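K.L.:
based on what follows, work out the 3D shape:
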Amino acid sequence: MAVIIRNEIFSCFVFYAVLLVIKMYIIAIITGQVRLRKKAFANPEDALRHGGLQYHREDPYVERCRRAHNNDMENIFPFLFLGAIYSLIGPSLAVARLHFLVFFLSRVLHSVAYLFALQAPTRSLAYVVAQIPCVSMALQILIAVAAYA
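P.N.:
Sure, this is the predicted structure:
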């Protein structure tokens, strides 16, 4: 394990990857708290525990939080794979850090834009900017391993 941690690029990736996972947990917690505050439960047993079956319902803001969380999973999970492999193909630390930082900041902005319903195209731009380092890493990985295909 100590050898991996001494890899500066992989360590940089791990830093941003852990921040992204924490961000996902925060969005999940926010979703749960909004669900409790709005009394909008997805499961009948939860509704019964919190006042009755009339609370087994959907709420627009709870659904917004859920969509933000789902969008995180759709985008952060591929980043975790790409970033881990990318860090092993030997990019420069400065370039790798830029890839990881741009993705992280864009995903934070995307979540803020989603949760606070910021004016379009804020969320869309954050999404597109986050895809740029992912596409870049994917292409560089493919180039690095193409000879072995």
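
K.L.:
where does the protein have low pLDDT?
P.N.:
Flagging of the chain using pLDDT under 70 yields the residue ranges 1-4.

K.L.:
for the helix or strand harbouring residue 16, packing partners?
P.N.:
In this assignment (DSSP states H and E), residue 16 forms part of helix 8-38. Judged by 3 or more C-beta pairs under 8 Å, 6 or more residues apart in numbering; DSSP states H and E, helix 8-38 is in contact with helix 60-88, helix 93-115. (Glycine included, C-beta is placed from N, CA and C.)

K.L.:
for the very next helix or strand once past that helix, buried residues please.
P.N.:
Downstream of helix 8-38, the next assigned helix or strand under DSSP H and E is helix 44-49. Using 16 or more other C-beta atoms under 10 Å as the test for burial, helix 44-49 gives residue 47.

K.L.:
residue contacts, residue 98?
P.N.:
Residue 98 makes contact with residue 133 under the criterion C-beta atoms under 8 Å, 6 or more residues apart in numbering.

K.L.:
apologies, that question was intended for residue 16.
P.N.:
By C-beta under 8 Å, 6+ apart, the contact list for residue 16 reads 83, 100, 101, 103, 104.

K.L.:
now the buried members of the residues you listed.
P.N.:
Here, 16+ other C-beta under 10 Å leaves 83, 100, 103, 104 buried among the contacts of residue 16.
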